[in-house]
Every structure is written in C-alpha cells, then in structure tokens.
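[1] the sequence and its predicted three-dimensional model are supplied below.
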Amino acid sequence: MLPTLFGVTLIVFVIINLAPGSPVERKLQEMQFGGAGAGESSVGTSNDSAVSQEVIDALNKQYGFDKPMHVRYWIWLKNLVTLDFGESFTYEEPVTDVIMSKFPVSLQFGLISLFLSYLICIPLGVLKAIYNGSKFDYGSSLLIMGMYSIPGFMLGILLIVFFAGGRFFDWFPAGELYSDQYADLSFFGQIADRIHHFVLPCISYMIGQFTVLTMLQKNSLLEEIKKDYIRTARAKGLPEKIIFLKHALRNALIPIVTGIGSFLSVFFAGSLLIETIFNLDGMGLLGYQSILERDYNVIMGLTFIQSVLMLVGNLLSDLAYVVVDPRIDFK
C-alpha cells in the first residue's frame, strides 16, 4: 500500500506542477484585473509588465515556488507525517480545514448509498437467481437495465423536474442538506428532514452501481449452483431455498466482496455533476474548483485522501474474503 500511495502522489504532483498556469499566475491576474480574464494570460506576457520582478519573486517565495520541484515534493512528504497538507491558495486557510468542511457531505451520501446499494442489491440478485427465467426476473432486469442507461446527473435533473416542484409533483426539496427551520425541529424531526432531503440525491448516486451489483450477484449465484457440491446437496433432497441461501450464497458473495474497495472510493469521492445539480457543497465540487483555481495543495490533499480510501477499500476486500470463505488464508 505504501509504495502505491507514494507513486500516486508523486505522479499527480509532477503533473499538476508541469501543467500550464500556477497559483502565482492567478494571483498576478487578480492583482492586475481584479479576477477578470483569469486563465487568459500567463507570466512573462505583456500583461505582466506592470508587475515588478520583486513582486513576482515575493509571490513565488510565499507559495514555495522559489524551490525546485523535487524539494517541494520532499517538503510535502515530510509535512504529510502530521497530515499537514499546507494552506489553500484559494481559501487562504489550512487544506485540512477546507477538506473537512466539505467531507461530511460526501461522507454522508457515500455511506448511505453504499449501505443501501448492498442492502437492496444482494437480496434482489438472489431473488433473480432463484426465479431465473421468470416474469419477475425479466421484468426486474428490464427495469434495472433501463436505470443503468440513465446517467446519474441526468436522472437527478429528471427527479427534480418530476418530484421537486417542477411541472408535476412537489414531494421533495430540490437541494441543500436540510430545511431552514432544521434547528427548531425535534430529534426525530431532524432525522425525517434529513431523509426528506437525501432521497433524490441518493437515488442519483446509487443508480449506476445498483444495476452492476444486482446483476453481479445474480450471475455469481447462478454460476455457483452449477458446481458439484450443489448437485450433492440436491441429491440429498435439500430444499432449493436451503441450497441457494445456505450453501451457494456464501461462495457467491466473493465477487461482491471484491468490489467493496472500488465502490468505497467512488461513493466517498463525491460527484461533481450531482453535487452541482442538488446544490451540495461536497468533495466532487471542491476538486473541480481546485483544479480550475490551480490550488495545488488542495488537489494533493484530495488525491491523498482518495488514494487512501481506495487502498483501504482494497484491504477491506481482502479481509472480507476470509469472513466469506474460510478456505482463504493469508498466512
């Protein structure tokens, strides 16, 4: 995990520092144009002639760009030991504080979406396998394939139009995490208010992975029931539901467990388009804005957290193998 994490951060650090534009250039543009025309000029052009070299050198020293790239990366690695990602060039406050202010939004939707996806998809996949070839199987497959063909952000727009005060129904709020009167509500009232606001964004978050998980569970279980030990169980006269749920299901969960790592990083990273549509200030929107603003420290902080989530997710997948299948041993 550590060499992988080192490699990811090194590659991203080099790429963002070699890309055109820098925080110094953006600061110079703000000084000259008041933020207008950002991205239209660069240091060294005639537009920068009004800025003295002393000012440019001072800005380079302030942002740490007076040092070579490899020195700056080494300093970043040393600060990483204390989880110090530096200061955001855009927000002018510690990167940790910036990320932590946005992380709860993506964390809430990530945990809820991950939990509901597995809670719904595994039983649905099992039922589809048990009733394979039935009307229920064909009907549910048609439904979830139709859902899979709709991008999450497009579904979000449709949900807002149909169910959030558009032309049809006004059942759910269009954005935000809670109502204006949230603080005045009782404990259970606050929970209900949160759920009311979470319904539409969670559906948009889950839509893509929902179909993948369901079909993966069904196909894995169908493959499992073709094996010899299942034939032996049938020969003993065991009921089909016992064969599916007690003998085959545990082994069929192994491919599902494999995907926990990737799903974990996807859900917690947030979604730029969904967060924009539902007016949610989360990690996806922060990452996009940081790239536009060339906020290197925030980009590196987000990259580090995303990489850790991915690696921890892969580790959890490996550990879950042992729980699901006792035959697996890492010793």
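    All right, it came through fine.

[2] which helix or strand in this protein has the lowest average pLDDT?
    Across the helices and strands of the chain, the lowest-confidence element by mean pLDDT, DSSP states H and E is helix 260-269, at a mean of 64.

[3] which outside residues touch the helix or strand following that one?
    Moving toward the C-terminus from helix 260-269, the next helix or strand (DSSP states H and E) is helix 272-277. The contact list for helix 272-277 (CB atoms under 8 Å, 6 or more residues apart in numbering) reads 105, 152-153, 156-157, 160, 175, 201, 204-205, 280-282, 284-285, 287-288. (C-beta placed from N, C-alpha, C; glycine too.)

[4] recalculate using a threshold of 6 Å.
    The contact list for helix 272-277, computed with CB atoms under 6 Å, 6 or more residues apart in numbering, reads 152-153, 156, 204, 282, 284-285, 288.

[5] for the top helix by length along the chain, name the packing helices and strands.
    As assigned by DSSP state H, the longest helix anywhere in the chain is helix 187-224. The helices and strands touching helix 187-224, judged by 3 or more CB pairs under 6 Å, 6 or more residues apart in numbering; DSSP states H and E, are helix 95-130, helix 135-148, helix 152-163, helix 249-252, helix 254-258.

[6] which of those comes out lowest on mean pLDDT?
    Sorting these by mean pLDDT places helix 254-258 lowest, at a mean of 75.

[7] show me what that one is packed up against.
    Against helix 254-258 (3+ CB pairs under 6 Å, 6+ apart) you get helix 187-224, helix 296-324.

[8] which parts of that helix are buried?
    Neighbour-count burial for helix 254-258 flags 254-258 (criterion: 16 or more other CB atoms under 10 Å).

[9] next: stretch 281-293.
    In stretch 281-293, counting by 16+ other CB under 10 Å, buried: 281-287, 290, 293.

[10] what is the burial count for Phe210?
    Using other CB atoms under 10 Å, Phe210 has 20 other residues around it.

[11] circling back to that earlier point, so which of the buried residues of helix 254-258 comes closest to His70?
    Thr258 (37.3 Å; CB to CB).

[12] so, low pLDDT: which residues of the stretch 151-300 of the chain?
    Scanning the stretch 151-300 of the chain for pLDDT under 70 picks out the ranges 166, 258-270.

[13] 80 - rerun?
    Counting by pLDDT under 80, the stretch 151-300 of the chain shows low-confidence ranges at 165-168, 174-180, 182-183, 208-209, 240-241, 246, 250, 254-273, 279.

[14] still on that earlier bit, among the buried residues of stretch 281-293, which lie within strands?
    The members of the buried residues of stretch 281-293 all map outside strands under DSSP state E.

[15] Throw the residues you listed into JSON lines and include distance to Tyr131, thanks.
    Formatted as JSON lines, those follow (distance: CB to CB, whole Å):
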{"residue": "Asp281", "distance to Tyr131": "43"}
{"residue": "Gly282", "distance to Tyr131": "39"}
{"residue": "Met283", "distance to Tyr131": "39"}
{"residue": "Gly284", "distance to Tyr131": "38"}
{"residue": "Leu285", "distance to Tyr131": "42"}
{"residue": "Leu286", "distance to Tyr131": "44"}
{"residue": "Gly287", "distance to Tyr131": "42"}
{"residue": "Ser290", "distance to Tyr131": "48"}
{"residue": "Glu293", "distance to Tyr131": "53"}
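
[16] return the member of those nearest to Val312.
    Met283 (15.9 Å).

[17] count the residues that sit near Lys27.
    Neighbours of Lys27 using other CB under 10 Å come to 18.

[18] between the buried residues of helix 254-258, which sits nearest Asn79?
    Thr258 (34.7 Å).

[19] tell me the buried residues in stretch 139-155?
    140, 144, 147-148, 152-153, 155.

[20] just how off-centre is stretch 238-248 within its chain?
    Offset of stretch 238-248 from its chain centre (CA atoms, centre = their mean, to the nearest Å): 36 Å.

[21] what's it in contact with?
    With CB under 6 Å, 6+ apart as the test, stretch 238-248 has contacts from 130, 221, 224-225, 230, 233.
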